[in-house]
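A.B. asks: sequence plus predicted model, see below.
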Amino acid sequence: MKARTYYCAVSGAILCALSLSCGSSGEDSDQAEIRASVQRLRDAVQAKDVDSIMEYYVPDESLLVYDAIPPRQYAGAKAYRKDWEGFLGLFHGNISAQVVSWTVSTEGNMGYGYGPFRIAGTDKEGNPLDLILRVTDVYRKSAGKWLCVHEHVSWPVDLATGKVDLQSTP
């Protein structure tokens with residue numbers, strides 16, 4: 001009788017653990033999808049492929065981006081596309097892009113992610129350009145696909161000098 005009780009308890013614990021893991025697998029899958037989309041964005045930046053970059057974002061005028069460079073606010077995908085074109089135009093030759101760690105959380109059809117995004121290369125004058133951006137994105141899942149609907153990009157500023165710290169990491 002003790003053995004039967006033991007096996008029932010163990011079986012119950014296993015079933016409970018399986019149900020919990022199955023219940024969270026959708027969230028894990030959503031987070032994995034978002035992380036994969038961030039890696040595709042990184043690859044697109046390295047390739048200077050604006051069309052692929054824009055696949056990361058909602059393709060309509062509901063996109064809102066607060067960027068680190070003027071004009072600092074972009075409303076709509078068309079406006080942000082122009083920002084990306086201008087930014088990539090600063091670089092001569094290859095670009096290196098890195099996403100060191102990207103933290104993601106989802107609930108239902110909404111989610112957010114954040115982390116440092118490093119972009120390095122050579123500018124048009126041959127000078128090295130190495131930027132570590134702080135990025136926070138808000139995602140919405142629509143038609144089975146996670147898209148960024150809001151992005152906030154920034155650099156820390158030394159308030160004593162008013163200078164931007166382009167190399168700061170968390």
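C.D. replies: Right, received. Where do you want to start? Residues are numbered from 1 along each chain as shown.

A.B. asks: could you find the closest non-adjacent residue to Tyr56?
C.D. replies: The shortest distance from Tyr56 to any residue other than its chain neighbours is 4.4 Å, reached at Leu41 (Cβ to Cβ, 6 or more residues apart in numbering). C-beta here means a position set from N, CA and C on the backbone, and glycine is covered the same way.

A.B. asks: quick one: classify that neighbour as helix, strand or coil.
C.D. replies: When classified by DSSP: H, G, I helix; E, B strand; the rest coil, Leu41 comes out as helix.

A.B. asks: helix, strand or coil for Thr106?
C.D. replies: With three-state DSSP as the criterion, Thr106 reads strand.

A.B. asks: per-residue pLDDT, it?
C.D. replies: Per-residue pLDDT puts Thr106 at 97.

A.B. asks: list the contacts for Ser142?
C.D. replies: Ser142 sits next to 58, 109 when contact means Cβ atoms under 8 Å, 6 or more residues apart in numbering.

A.B. asks: residue ranges of the helices in the chain, please?
C.D. replies: For the chain, applying DSSP state H gives helices covering 2-46, 50-54, 77-88.

A.B. asks: low-scoring stretches of the chain, by residue?
C.D. replies: 1-27, 170 (pLDDT under 70).

A.B. asks: any idea how far His150 is from Tyr66?
C.D. replies: Using Cβ to Cβ, to the nearest Å, one gets 8 Å for the distance from His150 to Tyr66.

A.B. asks: who has more neighbours out of these two?
C.D. replies: Between His150 and Tyr66, His150 has the larger neighbour count (other Cβ atoms under 10 Å), namely 17 against 13.

A.B. asks: for the nearest residue to the more buried one once chain neighbours are set aside, give me its contacts.
C.D. replies: Among residues not flanking His150 along the chain, Val138 sits closest, at 4.0 Å (Cβ to Cβ, 6+ apart). Val138 sits next to 110-112, 148-151 when contact means Cβ under 8 Å, 6+ apart.

A.B. asks: from those residues, which is closest to Asn127?
C.D. replies: The nearest member of these to Asn127, counting by Cβ to Cβ, is Glu151 at 26.8 Å.

A.B. asks: against Asp67, how distant is Asp28?
C.D. replies: In terms of Cβ to Cβ, Asp28 sits 31 Å off from Asp67.
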